[in-house]
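>>> Prediction below, plus the sequence it came from.
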Protein chains: 2
Amino acid sequence: MSATCPLSAVDNPLNRPKTTPRVTSSQVAKLAGVSRTTVSFVLNDVPQMGISEETRERVLLAARQLGYVPNAAARSLVSGATRTVALVVPHNEHLRVDAFIPRMLAGVNETCHTHGYKVLFEPMVEAGRPGDFLDLVDSRRIDGLIVLNVPRSEDVHLAHLAAEGFPLVVIGSNLDAHAGIYSIDVDTRDAARAATHHLLALGHRRVAHIGFAPNEYHGVSERLFGYRDALRERGVELDAALVTFANFSAQSGYDAMRALLARDRSLTALFAGNDTIAFGAIAALREAGLRVPDDVAVVGYDDIPLAAYASPPLTTIRTSPYEQGCEASNLLVRLIAGERPAELHSTSAVPLIVRESCGTGRFAA
Amino acid sequence: MSATCPLSAVDNPLNRPKTTPRVTSSQVAKLAGVSRTTVSFVLNDVPQMGISEETRERVLLAARQLGYVPNAAARSLVSGATRTVALVVPHNEHLRVDAFIPRMLAGVNETCHTHGYKVLFEPMVEAGRPGDFLDLVDSRRIDGLIVLNVPRSEDVHLAHLAAEGFPLVVIGSNLDAHAGIYSIDVDTRDAARAATHHLLALGHRRVAHIGFAPNEYHGVSERLFGYRDALRERGVELDAALVTFANFSAQSGYDAMRALLARDRSLTALFAGNDTIAFGAIAALREAGLRVPDDVAVVGYDDIPLAAYASPPLTTIRTSPYEQGCEASNLLVRLIAGERPAELHSTSAVPLIVRESCGTGRFAA
DNA sequence: TTGTAGGCGTTATCAT
DNA sequence: ATGATAACGCCTACAA
């Protein structure tokens, strides 16, 4: 009631003041001179119920006059649906430092909203309790779930959900082991291979790689596999001193690059695990007196909106997270509607976008 | 039921298959051999109700065995609270192209979750209907609202909400006209003034400005005011040919810079409305054969995570959206709890972070 | 064509 | 200390 409220009261929902009363369907019924049933029928457009056009109009008018909006809780209590979905991501922090998740969220949000779904944005490890997001489904707060980059530890929970038939779409994880989980993915390994080959074809032999996160992440290990594939295919020996791991942010990319440089100044190219890290790495290179692309060629990953506007413009892999988010959402909406498409997994190829950060080749290695 | 479902069924919530049944409090009561009332008491830790320790244990055990989670809809139907808040932003697209909103969302999300609130991310103009987000409060889907960069057209709705006592916090808008709206803000005008002064002090006289959005945005006009303040204070005449407006993205900044250059090549400095636009502008400058900072000095706005890693590192205003999001959320949680702090408006100063994009001065204008 | 009544899963007010 | 019982607001057979 006042600023002197004890702070302990803040988180107790029972302490909240009675909110402004809202209009209920009974009031609409009364004003229109009909029963609640009739109100429900016309407002929900129930067909074949034989509501006279005149009654219809009267109800609609009454509802409009009163500014009636159905109570969502009541509605979902009886219908079992909430018209809400959740996008679960590994960690809230990623939203802050990298551009991948925001773009994916934008796609999910856009698509879900056009289908009438609200979206809840859920970090997976907020208070540290794993599987916490399951409460959302257990408490029936959501009709469906999109999960990005599942850590291995959550696999079993998701498999369980999917087995129950709960609408679930997973993005960017390899869950083949657990059949029955719908997934949207990108051929990461092949893209990483292409990125590395691009560097190799330009004449580079000392090609470094910075993982965008710890190697436990599926996307990180896949990139590493692709990197190795390319090296092997070109007969270039893998040098462990040339690979290291960062942690999403530009700062971590900067640090990783410095570590790499301290270890081995012979590198002439870098395949960065994501563009943000590439930015950090390029800053470290510049600081070390190395020019991009003249001294070191760099290819990134993701094609974030700023990649094309970097100095030099960044050659990178275009992962289109927005589109992935849209695709996942469209699939989710169908699952919620009860469809069960035959195709469980969708994997798309992602193109290499060549700009200027790799220069035109080095033939004097 | 199958992939052959007509697509028209997709968006009809009534078509959804019965979901997996969840356990209810009755089942817990039966297993524990008590009434639903008792279950409710122990699960909600209602004090002074005199539940024996033994009964308590039994109920808790039963609940755990059954994996009982209270139904959120039922709970909010009776309690009136949803433990959900919404963050409303002007347009979904902004999430995609600029780094400000994601960081703010991260702050809101972090803080709200620690207080037990889920957060709904709502674009304001999704399907084009203005004031759409009001349905969230009318249908009682949320307990509180944070609104970023309100367009003027929505002012009246928000004032109405606030007058009703609905928990509402506004960020980045000047709503003084409507007393009673809690707001978190930053001294944009003064920051813009400082940014421009920085350039002026370095000896620049032909200082351009690119608004980050159309001038209807509060933040855009405030920056423009600050820019003019500085010019006036230094006795530099405002040249309309040196100011233009972009639209959040780097691409729009690039386009704006090209337009500026086409109009007037005498400019030697740029104050960009946000960092993303600064990136685009710098790319355009480089493409035009102009070097930063040697030929043109640039100062940005926001201090996005990549600003420090740009080439050259960007001098900018640090707006700390994450922290703003946290602050707004903390305030909102208090409002939901019924507190009404005396302080309606909070305005903080935002510092200029000097890096290398302005060089060390130009004394031969 | 419209009204009655029961139920969705909780919480909360009573008695006991 | 516990258990009926009545809301909460809506949907939907079924009856009229």
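Received, thanks.
>>> contacts, neighbours, all on C-alpha from now
Will do.
>>> which parts of chain A sit against DNA strand C?
For chain A, the residues in contact with DNA strand C (Cα under 7 Å from any atom of the strand) are A:14, A:33-38, A:49-52, A:55-56, A:74, A:77-78.
>>> remind me which residues of chain A are low pLDDT?
Applying pLDDT under 70 to chain A picks out residues A:1-21, A:48-49, A:126-131, A:176-179, A:362-365.
>>> For the closest residue to residue A:213 other than its chain neighbours, list the residues it contacts.
Of all residues not flanking residue A:213 in the chain, residue A:247 sits nearest, at 4.3 Å (Cα to Cα, 6 or more residues apart in numbering or on different chains). Contact analysis of residue A:247 by Cα atoms under 8 Å, 6 or more residues apart in numbering or on different chains lists A:211-214, A:253.
>>> Buried ones among those?
Taking 16 or more other Cα atoms under 10 Å in any protein chain shown as the criterion, what is buried in the contacts of residue A:247 is A:211-213, A:253.
>>> where exactly do the strands run in the stretch 51-200 of chain A?
In the stretch 51-200 of chain A, the strands defined using DSSP state E, counting those that start in this stretch lie at A:84-89, A:118-123, A:144-148, A:168-171, A:182-186.
>>> can you tell me which residues contact residue A:243?
Counting by Cα under 8 Å, 6+ apart, residue A:243 touches A:208-211, A:260.
>>> now the residues you listed in TSV, with secondary structure and distance to residue A:98?
Shown next, in TSV, are those (DSSP: H, G, I helix; E, B strand; the rest coil; distance: Cα to Cα, whole Å):
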residue	secondary structure	distance to residue A:98
A:208	strand	21
A:209	strand	18
A:210	strand	15
A:211	strand	14
A:260	helix	22
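>>> what's the farthest-apart pair in those residues?
The most widely separated members of the contacts of residue A:243 are A:211 and A:260, with 12.2 Å between them, by Cα to Cα.
>>> Need the overlap of contacts for these two.
By Cα under 8 Å, 6+ apart, residue A:211 and residue A:260 have these common neighbours: A:243-244.
>>> I figured residue A:236 hits residue A:207, correct?
No: the pair residue A:236 / residue A:207 is not scored as a contact, 9.4 Å apart, by Cα atoms under 8 Å.
>>> re earlier: pick the one among the contacts of residue A:243 closest to residue A:88.
Of those, the one sitting nearest to residue A:88 (Cα to Cα) turns out to be residue A:211, at 22.1 Å.
>>> can you give me the helices for the stretch 151-300 of chain A?
For the stretch 151-300 of chain A, the helices defined by DSSP state H, counting those that start in this stretch cover A:155-164, A:188-201, A:218-233, A:250-263, A:275-287.
>>> Pipe those helices into TSV and attach distance to residue B:220 per row.
Formatted as TSV, the helices of the stretch 151-300 of chain A follow (distance: least, Cα to Cα, whole Å):
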stretch	distance to residue B:220
helix A:155-164	45
helix A:188-201	40
helix A:218-233	39
helix A:250-263	28
helix A:275-287	27
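>>> right, so of these, which gets closest to residue A:313?
Using Cα to Cα, these put helix A:275-287 closest to residue A:313, at 10.5 Å.
>>> And the buried ones among the contacts of residue A:247, which two are furthest apart?
Longest distance between any two of those is 10.0 Å, between A:213 and A:253; criterion Cα to Cα.
>>> List the buried residues for stretch A:226-243?
A:226-231, A:238, A:242-243.
>>> Of these, which is the nearest to residue A:347?
Closest to residue A:347, out of all of these and judged by Cα to Cα, is residue A:226, at 15.7 Å.
>>> tell me the contacts of the closest one?
Contacts of residue A:226 (Cα under 8 Å, 6+ apart): A:188-194, A:196.
>>> Pretty sure residue A:346 sits in a helix.
No: counting by DSSP: H, G, I helix; E, B strand; the rest coil, residue A:346 is not part of a helix but strand.
>>> Quick one: name the residues of the stretch 151-300 of chain A near DNA strand D.
Residues of the stretch 151-300 of chain A lying near DNA strand D (Cα under 7 Å from any atom of the strand): none found.
>>> go on, the stretch 1-150 of chain A?
The stretch 1-150 of chain A has residues A:21-26, A:36-38, A:40-41, A:44, A:69-72, A:74-75, A:77-79 near DNA strand D, with proximity defined as Cα under 7 Å from any atom of the strand.
>>> circling back to that earlier point, overlap in contacts of residue A:213 and residue A:253?
When contacts are counted by Cα under 8 Å, 6+ apart, residue A:213 and residue A:253 have A:246-247 as shared neighbours.
>>> hmm, which two among the contacts of residue A:247 are most spread apart?
Greatest spatial distance in the contacts of residue A:247: A:214 and A:253, 12.5 Å, computed using Cα to Cα.
>>> what residues are shared contacts of these two?
Shared contacts of residue A:214 and residue A:253 (Cα under 8 Å, 6+ apart): A:246-247.
>>> Now for the residue nearest to residue A:137 when sequence neighbours are not counted: which residues touch it?
Here the nearest residue to residue A:137 in space, its sequence neighbours aside, is residue A:143; by Cα to Cα, 6+ apart that works out to 7.5 Å. Residue A:143 makes contacts with A:81-85, A:137, A:167, A:336, as judged by Cα under 8 Å, 6+ apart.
>>> Near chain B, which residues of the stretch 201-350 of chain A? Just list them.
Residues of the stretch 201-350 of chain A found near chain B (Cα under 8 Å from any Cα of the partner chain) are A:249-250, A:276, A:279-280, A:282-283, A:305-306, A:309-311, A:322, A:333-334, A:336-342.
>>> Work out the gap between stretch A:255-263 and the centre of the chain.
Counting by Cα atoms, centre = their mean, to the nearest Å, stretch A:255-263 is centred 30 Å from the centre of its parent chain.
>>> give me the number of residues near the residue in the stretch 201-350 of chain A that DNA strand C sits nearest to?
Residue nearest to DNA strand C within the stretch 201-350 of chain A: residue A:336 (18.5 Å; Cα to the nearest atom of the strand). Residue A:336 is flanked by 27 other residues according to other Cα atoms under 10 Å in any protein chain shown.
>>> cool, and residue A:83?
Residue A:83: 21 neighbours (other Cα under 10 Å).
>>> what about it, distance to residue A:333?
10 Å (Cα to Cα, to the nearest Å).
>>> circling back: neighbour-wise, which one of the residues of chain A next to DNA strand C leads?
Within the residues of chain A next to DNA strand C, residue A:38 tops the neighbour count with 20 neighbours, counted by other Cα under 10 Å.
>>> host element of it?
Taking DSSP states H and E as the definition, one finds residue A:38 inside helix A:36-43.
>>> Does that helix reach chain B?
No: Helix A:36-43 does not reach chain B (Cα under 8 Å from any Cα); its nearest approach is 13.4 Å.
>>> Which neighbouring elements make contact with that helix?
Judged by 3 or more Cα pairs under 8 Å, 6 or more residues apart in numbering or on different chains; DSSP states H and E, the packing partners of helix A:36-43 are helix A:25-32, helix A:53-66.
>>> same thing but 6 Å
Applying 3 or more Cα pairs under 6 Å, 6 or more residues apart in numbering or on different chains; DSSP states H and E, we find helix A:36-43 packed against helix A:25-32.
>>> Enumerate the residues of the stretch 51-200 of chain A near chain B.
Residues of the stretch 51-200 of chain A lying close to chain B by Cα under 6 Å from any Cα of the partner chain are A:69-74, A:77, A:95-96, A:102-103, A:119-120, A:138-139.
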